[in-house]
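Undergrad: Okay, predicted coordinates and the sequence, questions at the end:
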Protein chains: 2
Amino acid sequence: MPRKVTLADVAAAAGVSKMTASRAMRGAKDVSQKNLDKVRKAAQDIGYVGNHVAASLSNNRSDLIGVVVPSLSNIVFAEVMSGIERAIDGTGFQPVFGVTDYDTEKEYDIVRRMLSWRPAGLIVTGLDQSEATLRLLQEDSLPVVQIMDTDGTPVDVSVGFSQDNAAEEMAKALISAGRRRIGYVGCNLDQDTRAARRRMRFAQTLEALGHPLVGEEIAEGMSSVAAGRWLTSALLARHPDLDCIYYSNDDMAAGGLYHCMAYSLKVPEKLMLAGFNGLDLLTSLPAPIATTRTPRDQIGRRAAEAILERLNRTERDGPTVIELAPEIRLP
Amino acid sequence: MPRKVTLADVAAAAGVSKMTASRAMRGAKDVSQKNLDKVRKAAQDIGYVGNHVAASLSNNRSDLIGVVVPSLSNIVFAEVMSGIERAIDGTGFQPVFGVTDYDTEKEYDIVRRMLSWRPAGLIVTGLDQSEATLRLLQEDSLPVVQIMDTDGTPVDVSVGFSQDNAAEEMAKALISAGRRRIGYVGCNLDQDTRAARRRMRFAQTLEALGHPLVGEEIAEGMSSVAAGRWLTSALLARHPDLDCIYYSNDDMAAGGLYHCMAYSLKVPEKLMLAGFNGLDLLTSLPAPIATTRTPRDQIGRRAAEAILERLNRTERDGPTVIELAPEIRLP
DNA sequence: CCAGAAACTGGTATCGGTACCAGTTCTACG
DNA sequence: CGTAGAACTGGTACCGATACCAGTTTCTGG
């Protein structure tokens, strides 16, 4: 294996010093056109690739941005990451990701490992990190964005929306739409604290409005279309007279719709279904489903932008909340 | 801001040399129990976090694994990344990702940037990189895995399945199932070369079997449920007598099904729909759709494993193809 | 034509670890 | 009890870039 080409090789090939080569390779500042061309040509010729590791060590900051999400099989987080990626694209930063599987211990390890790369910033999901994790995040002035959730005080910046409000709004909207016998179907609530939070607030709001939840069906394990289908079947078996079901998310709601279609239940006339997220999946369903359209792409984008804006500060300027209100869609 | 805690600080606090501290912090080899404890305690006390940048520079290899995919909004790649993540979880490696948006130029930039981090390995999508990109990948003995596609010769390792075979098998299966008037619906074929390849082979196979494609509807832009729905509508308007439609993927097929349900077309009796991928999305649809279940999680996992296996080699051992045959599912 | 500023260039120290090697201490065994 | 070998320890030289500063050249204007 031919030894890796270094900047020194480029410099030698171009007949200039390492420093001049270094300056030439990033931005042309303070380098004569002649040397600039020579260095570029030399780099091209010998196939120089650069070494961000050395560069990062030297100026004590990397151009990595850490992204920590609970799951990747959930399309919601994939879309958030997509938004992050688009915002970062072209800035020379590079996203690094970690998946916690909704496990707080694991989140701690991941954050720690990421910090050891001295990233330019960190994006983590939710506001409910463990004590130890929060301590890590508070430590220095690194830009930290907590996404998805704004029901609380962020370490630095939070970008997202209030899960509480979202659930409350949906409850009110369904009541306004004339629904009275409402049920709930959800999955994975012990791990997905945001979904759990929505359920709680949804039930409270219904109660306050005088039409408490008639029944609910909750399962462990990841949410899925299949789970939505059979939980709906179970719930309707116990409460055939429901006129509305609120789901922990869209996938589950789609499963519910499939059940209804198989049993020829009129949706939404007889039974209205309400999901959460507003996925592409729903836009063309044969029967309309209510949902809360969450700005996932926006969240990713704004989170990344928040980091970029805070790169050169030396002090944190107090918790900042960036609220991106979701939008309710009824059939 | 308090200056970053370094290993030297830990060593000083523990009353040992930097070297002993270094050894103590990673694996206990060649360190007395007494010093091990002292160092660990000191690190804990002063909140030492470690610096992978310095470590990587020193031993000229990082524990980053680069992952390059064309898109993140496509759940297929999110699942592949999920598989990768699971495979490297606990090994101390860290995934870095880049998204090409199906753009070869961008892919080159991303690969280049990733190489500048001296990653432990690289996972890229497909076998159809540009000349320049391939040159980068060939350069040294870095483990490189090309995923999704095995119709060709990989730079190092490829993990996936033959898109050609998959399409051919589906064509044969549909004919065996008695279908004769078959159409095609697809999106984004100029960019998604794998989908384009499947379409091509599908059409060829039908032709060879004596029942050529009756018609097709192709659109630009990303594939989606919505696109599937209106393209299906358009195709059926031109060819009302089709008894089968093959789609570029499951999302499109789901859209097709929604159209059929809205117009009460009997699926699959009157019209059989065939997608591609076997997403969770399909498992509970009210009417069954044929599909090719692709092992996305497996691909991610095996790709990551392939890299881990090749970490300590010094030479590439010739192109290796890891074939993970997909499975056809008919209604 | 020259002083002073601006533009450019390169040497040296460093970033925070690890490899390597040369000690030093400890253990086992004849 | 002496000694070979194992177990442990620490000094020094890097890894490949960049910051900083000092020196050199080139450009101004008077």
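TA: Sure, I can see it.

Undergrad: Neighbours of residue A:222, how many?
TA: 17 (other C-beta atoms under 10 Å in any protein chain shown). For glycine as for every other residue, the C-beta is placed from the backbone atoms N, C-alpha and C.

Undergrad: Give the helix, strand or coil label for it.
TA: Classification of residue A:222 using DSSP: H, G, I helix; E, B strand; the rest coil returns coil.

Undergrad: Just list the residues touching it, thanks.
TA: A:71, A:73, A:187, A:188 (C-beta atoms under 8 Å, 6 or more residues apart in numbering or on different chains).

Undergrad: Okay, helices next: where are they in the stretch 51-200 of chain A?
TA: With helices called from DSSP state H, counting those that start in this stretch, the stretch 51-200 of chain A shows them at A:52-59, A:75-88, A:104-115, A:131-138, A:163-176, A:193-208.

Undergrad: how distant is the longest one from the center of its chain?
TA: Averaging C-alpha positions (C-alpha atoms, centre = their mean, to the nearest Å) puts helix A:193-208 21 Å from its chain's average.

Undergrad: Tell me the residue of the stretch 101-250 of chain A that sits nearest DNA strand D?
TA: Closest to DNA strand D within the stretch 101-250 of chain A is residue A:118: 12.6 Å, counting by C-beta to the nearest atom of the strand.

Undergrad: Count residues in the vicinity of the closest residue to that residue other than its chain neighbours, would you?
TA: With C-beta to C-beta, 6 or more residues apart in numbering or on different chains as the criterion, residue A:118 has its nearest non-adjacent residue at 5.2 Å, and that residue is residue A:62. Burial of residue A:62, expressed as a neighbour count using other C-beta under 10 Å, amounts to 22.

Undergrad: wait, doesn't residue A:62 sit right on residue A:92?
TA: No - assessed by C-beta atoms under 8 Å, residue A:62 is found out of contact with residue A:92, at 11.1 Å.

Undergrad: ok, back up a step: now, of the helices of the stretch 51-200 of chain A, which is deepest in the fold?
TA: Among the helices of the stretch 51-200 of chain A, helix A:75-88 has the highest mean neighbour count (mean count of other C-beta atoms under 10 Å in any protein chain shown), at a mean of 24.

Undergrad: CA atoms of it as PDB?
TA: Extracted C-alpha coordinates of helix A:75-88, given in PDB (Å, rounded to 0.1, in the frame of the first residue of the first chain):
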ATOM      1  CA  ILE A  75     -39.800   7.400   9.100                       C
ATOM      2  CA  VAL A  76     -40.400  10.600  11.200                       C
ATOM      3  CA  PHE A  77     -36.800  10.600  12.300                       C
ATOM      4  CA  ALA A  78     -35.500   9.700   8.900                       C
ATOM      5  CA  GLU A  79     -37.300  12.800   7.600                       C
ATOM      6  CA  VAL A  80     -35.900  14.900  10.400                       C
ATOM      7  CA  MET A  81     -32.400  13.700   9.500                       C
ATOM      8  CA  SER A  82     -33.200  14.400   5.900                       C
ATOM      9  CA  GLY A  83     -34.000  18.000   6.800                       C
ATOM     10  CA  ILE A  84     -30.800  18.300   8.800                       C
ATOM     11  CA  GLU A  85     -28.800  17.000   5.900                       C
ATOM     12  CA  ARG A  86     -30.300  19.500   3.500                       C
ATOM     13  CA  ALA A  87     -29.600  22.400   5.800                       C
ATOM     14  CA  ILE A  88     -26.000  21.300   6.300                       C
END
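
Undergrad: who does it touch, helix- and strand-wise?
TA: Applying 3 or more C-beta pairs under 8 Å, 6 or more residues apart in numbering or on different chains; DSSP states H and E, we find helix A:75-88 packed against strand A:64-69, strand A:94-99, helix A:296-309, helix B:75-88, strand B:94-99.

Undergrad: tilt between it and strand A:94-99?
TA: Interaxial angle, helix A:75-88 versus strand A:94-99 (axes from the mean of the first three to the mean of the last three C-alpha atoms, to 10 degrees): 160 degrees.

Undergrad: For helix A:75-88, give me every contacting residue.
TA: Contacts of helix A:75-88 (C-beta under 8 Å, 6+ apart): A:65, A:67, A:69-72, A:94-95, A:97, A:123, A:125, A:147-148, A:249, A:277, A:279, A:294, A:296-305, A:308, B:71-73, B:75, B:77-78, B:97-99.

Undergrad: what about the stretch 1-150 of chain A, any weak spots by pLDDT?
TA: Regions of the stretch 1-150 of chain A meeting the criterion pLDDT under 70 cover residues A:1-3, A:28.

Undergrad: Start and end of stretch A:18-37, how far apart?
TA: In stretch A:18-37, first residue to last residue: 15 Å (C-alpha to C-alpha, to the nearest Å).

Undergrad: Let me know whether that stretch sits next to chain B.
TA: No - if you take C-beta under 8 Å from any C-beta of the partner chain as the test, stretch A:18-37 misses chain B, and the best it gets is 10.9 Å.

Undergrad: Export the contacts of residue A:222 as TSV, with columns for neighbour count.
TA: Output for those, formatted as TSV (neighbours: other C-beta atoms under 10 Å in any protein chain shown):
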residue	neighbour count
A:71	21
A:73	18
A:187	24
A:188	22
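
Undergrad: Just these: which are in strands?
TA: The strands, defined by DSSP state E, take in residue A:187 from those.

Undergrad: Distance to residue A:245 added to the contacts of residue A:222, as JSON lines?
TA: Listed next are these as JSON lines, based on distance: C-beta to C-beta, whole Å:
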{"residue": "A:71", "distance to residue A:245": "24"}
{"residue": "A:73", "distance to residue A:245": "24"}
{"residue": "A:187", "distance to residue A:245": "13"}
{"residue": "A:188", "distance to residue A:245": "17"}
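
Undergrad: List just the nearest of the contacts of residue A:222 to residue B:20.
TA: Closest approach to residue B:20 among those (C-beta to C-beta): residue A:71, at 40.6 Å.

Undergrad: So that closest one sits against residue A:99, correct?
TA: Yes - between residue A:71 and residue A:99 a contact is recorded at 6.4 Å, counting by C-beta under 8 Å.

Undergrad: ok, for residue A:161, nearest residue in space, not its chain neighbours?
TA: What sits nearest to residue A:161 in space, not counting adjacent residues and going by C-beta to C-beta, 6+ apart, is residue A:326, at 5.1 Å.

Undergrad: my bad, should have said residue A:327
TA: Excluding its sequence neighbours, the residue lying closest to residue A:327 (C-beta to C-beta, 6+ apart) is residue A:293, at 4.6 Å.

Undergrad: any idea how far the one you found lies from residue A:247?
TA: From residue A:293 across to residue A:247, the span is 15 Å (C-beta to C-beta, to the nearest Å).

Undergrad: neighbour-wise, which of the two wins?
TA: Per other C-beta under 10 Å, whichever of residue A:293 and residue A:247 has more neighbours is residue A:247, with 32 against 15.

Undergrad: Next one: the closest residue to the more buried one other than its chain neighbours from residue A:294, what distance?
TA: In space, and not counting its chain neighbours, residue A:247 is closest to residue A:253: 4.1 Å by C-beta to C-beta, 6+ apart. Using C-beta to C-beta, we find residue A:253 at a distance of 14 Å from residue A:294.
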